[in-house]
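**Q** okay, predicted coordinates and the sequence, questions at the end:
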Amino acid sequence: MQIYKVGGAIRDALLGLPVQDTDWVVVGATPEALREQGYLPVGKDFPVFLHPGTREEYALARTERKTAPGYHGFSFHASPEVTLEEDLARRDLTVNAMAQPVDAAGLDGLVDPFGGQRDIEQRVLRHVTDAFREDPVRILRLARFAARFDDFTVAPETLALMRAMVAEGEVDALVAERVWQELARGLMEKRPSRMLEVLRDCGALARLLPEVDRLWGVPQRADYHPEVDTGVHLCMVLDMSARLQAPLEARFACLTHDLGKGTTPADVLPRHIGHEGRSARLLGPLCDRLRVPLACRATADVVAREHGNIHRSEGFDAAAVLRLLERCDALRRPERFADVLLACECDARGRLGLDDSPYPQRERLARAQAAAQAVDTAPVAAAAAAAGARGPKIGEAVTRAREAAVAAALATSP
């Protein structure tokens, strides 16, 4: 039995990056032999075990064979006869297809049959073998890696292979949960715009997110959007969300905030009157299709509907600000509203030459939200009732108290 460190741990070490997780492959062993040594089996589709001490994953060397379209159409073969090189050959990218003996240090004993170290030096993402085409998830994974390693390019032959996979309908067979998993991880990478660029280059974005794909080539008013192209603006917004270290909920809202601009009638361009409402209507089916988590969906819905009003809110009086807060459900969901405001700041600063511009709306509305939320409504309602108010009149009294608190907060310098 031989044990090797494999994959991302070696890649990241060669790149001088912190190694987050370490995966291991075991050559020349059987499931029974690992169980006898105390390893705990956890794999459903193929033999994967947890180390009895470290709880790291150890997988038996295996080969794969395509049996049907999509992500689940595979059969696996694991036996003591499967070699390390055969196991590495089934992996997606050369930079992930290297191994080292368990006791190796530095580059000692590096096993690199497919040139992964060379591709790291040349900053290239390249598929290992033609077997790449058998798993459409690899298109998403490569796009995600492009977002993480933003100075890497995609090898021309790999891009051509991805385009062929799209043309053959492989991405159409992907399950929603896996698409969302890879998309969410890509949004959280260093430069999420690269993920969209790679998916567009191979044609996968039009299949997976047609509402997003159609934004490229749609013009906007140059006086407000110097970058003009809506797709270019989207990429800048997403990269701003990474720069501001936004959580996933805010980054997904950035991705979907302008969907409605893709359906603006041609005769009114470059204006986009009413695109906020169209964005919200397009968002629902997209979230249903990808089974987007509720927290991401709810935040994105508020941003889609209200980002224009939030941008314009510097000119709102206390009453208008309170109505905006209520539409955003900011008093009941202050943590969500914080993400909404962050996404709106990314939108405002994700424009050509405006990436370092201030966005006072975020602090101003957060201050107003805190003031309105701090109003103790019980004594206000009790006083109104004691004065003879009933039903809606009591609600009006609470609203007036909140408006007064908001007005005082807005009058206070930050």
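**A** Right, received. Where do you want to start? Residues are numbered from 1 along each chain as shown.
**Q** quick one: low-confidence ranges for the stretch 51-200 of the chain?
**A** 65-76 (pLDDT under 70).
**Q** 90 - rerun?
**A** 54-57, 62-81, 102-108, 134, 173 (pLDDT under 90).
**Q** which stretches in it count as strands?
**A** For the stretch 51-200 of the chain, the strands defined by DSSP state E, counting those that start in this stretch occupy 57-60, 62-66, 74-78, 99-101, 124-125, 153-154.
**Q** can you list these in a markdown table and add distance to L14 and mean neighbour count?
**A** All C-beta spots, glycine's among them, are computed from the backbone N, C-alpha and C. A markdown table is the format used below for the strands of the stretch 51-200 of the chain (distance: least, CB to CB, whole Å; neighbours: other CB atoms under 10 Å):
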| stretch | distance to L14 | mean neighbour count |
| --- | --- | --- |
| strand 57-60 | 21 | 20 |
| strand 62-66 | 24 | 16 |
| strand 74-78 | 27 | 15 |
| strand 99-101 | 11 | 21 |
| strand 124-125 | 13 | 20 |
| strand 153-154 | 17 | 19 |
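**Q** between those strands, which gets nearest to A89?
**A** Counting by CB to CB, A89 lies closest to strand 62-66 out of the strands of the stretch 51-200 of the chain; the figure is 8.0 Å.
**Q** now do the buried residues in stretch 274-283.
**A** By neighbour count with 16 or more other CB atoms under 10 Å, stretch 274-283 contains the buried residues 275-276, 278-280, 282-283.
**Q** stretch 122-133 too?
**A** Under 16+ other CB under 10 Å, the buried positions of stretch 122-133 are 124-128, 131-133.
**Q** could you say which helix or strand holds V232?
**A** helix 230-243 (DSSP states H and E).
**Q** return the alpha-carbon coordinates of that helix using CSV.
**A** Taking Å, rounded to 0.1, in the frame of the first residue of the first chain, the C-alpha atoms of helix 230-243 are listed here in CSV:
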residue,chain,number,x,y,z
THR,A,230,-24.1,46.3,-19.3
GLY,A,231,-22.1,43.1,-19.3
VAL,A,232,-18.9,45.0,-18.7
HIS,A,233,-20.6,46.9,-15.8
LEU,A,234,-21.8,43.6,-14.3
CYS,A,235,-18.2,42.3,-14.3
MET,A,236,-17.0,45.4,-12.6
VAL,A,237,-19.7,45.2,-10.0
LEU,A,238,-18.9,41.6,-9.2
ASP,A,239,-15.2,42.4,-8.8
MET,A,240,-16.1,45.3,-6.5
SER,A,241,-18.0,42.8,-4.4
ALA,A,242,-14.9,40.8,-4.0
ARG,A,243,-12.8,43.9,-3.3
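**Q** just checking, what packs against it?
**A** Judged by 3 or more CB pairs under 8 Å, 6 or more residues apart in numbering; DSSP states H and E, helix 230-243 is in contact with helix 193-202, helix 248-256, helix 334-349.
**Q** the domain parsing of the protein - what is it?
**A** 1-115, 247-267+275-370, 375-414 (automatic domain parsing).
**Q** tell me the mean pLDDT over the shortest one?
**A** Across domain 375-414, pLDDT averages out at 93.
**Q** now the second one
**A** When the per-residue pLDDT values of domain 247-267+275-370 are averaged, the result is 97.
**Q** how long is it end to end?
**A** 21 Å (CA to CA, to the nearest Å).
**Q** rewinding a little: possible to save the buried residues of stretch 122-133 as a markdown table with distance to F49?
**A** Formatted as a markdown table, these follow (distance: CB to CB, whole Å):
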| residue | distance to F49 |
| --- | --- |
| V124 | 33 |
| L125 | 30 |
| R126 | 30 |
| H127 | 28 |
| V128 | 24 |
| A131 | 24 |
| F132 | 27 |
| R133 | 30 |
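**Q** and the helices in the stretch 51-200 of the chain?
**A** Assigned by DSSP state H, counting those that start in this stretch, the helices in the stretch 51-200 of the chain fall at 84-89, 116-122, 137-148, 156-167, 176-187, 193-202.
**Q** buried sites along the fifth one?
**A** So that's helix 176-187. 178-180, 182-187.
**Q** what do you get for the shortest one?
**A** In terms of neighbour count (16+ other CB under 10 Å), helix 84-89 has its buried residues at 84, 86-89.
**Q** for that helix, packing partners?
**A** strand 2-6, strand 23-27, strand 62-66.
**Q** likewise for the second one?
**A** Here helix 116-122 is seen to pack against helix 8-14 when contacts are counted using 3+ CB pairs under 8 Å, 6+ apart.
**Q** same check on the last one?
**A** Helix 193-202 is packed against helix 137-148, helix 156-167, helix 176-187, helix 204-208, helix 230-243, with contacts defined by 3+ CB pairs under 8 Å, 6+ apart.
**Q** repeat the analysis, applying 6 Å as the threshold.
**A** With contacts defined as 3 or more CB pairs under 6 Å, 6 or more residues apart in numbering; DSSP states H and E, helix 193-202 has these neighbours: helix 137-148, helix 156-167, helix 230-243.
**Q** please state the offset of it from the chain centre?
**A** Distance of helix 193-202 from its chain centroid, counting by CA atoms, centre = their mean, to the nearest Å, is 13 Å.
**Q** can you list contacts of that helix?
**A** Here helix 193-202 makes contact (CB atoms under 6 Å, 6 or more residues apart in numbering) with 143-144, 146-147, 150, 162-163, 166, 186, 205, 235, 238-239.
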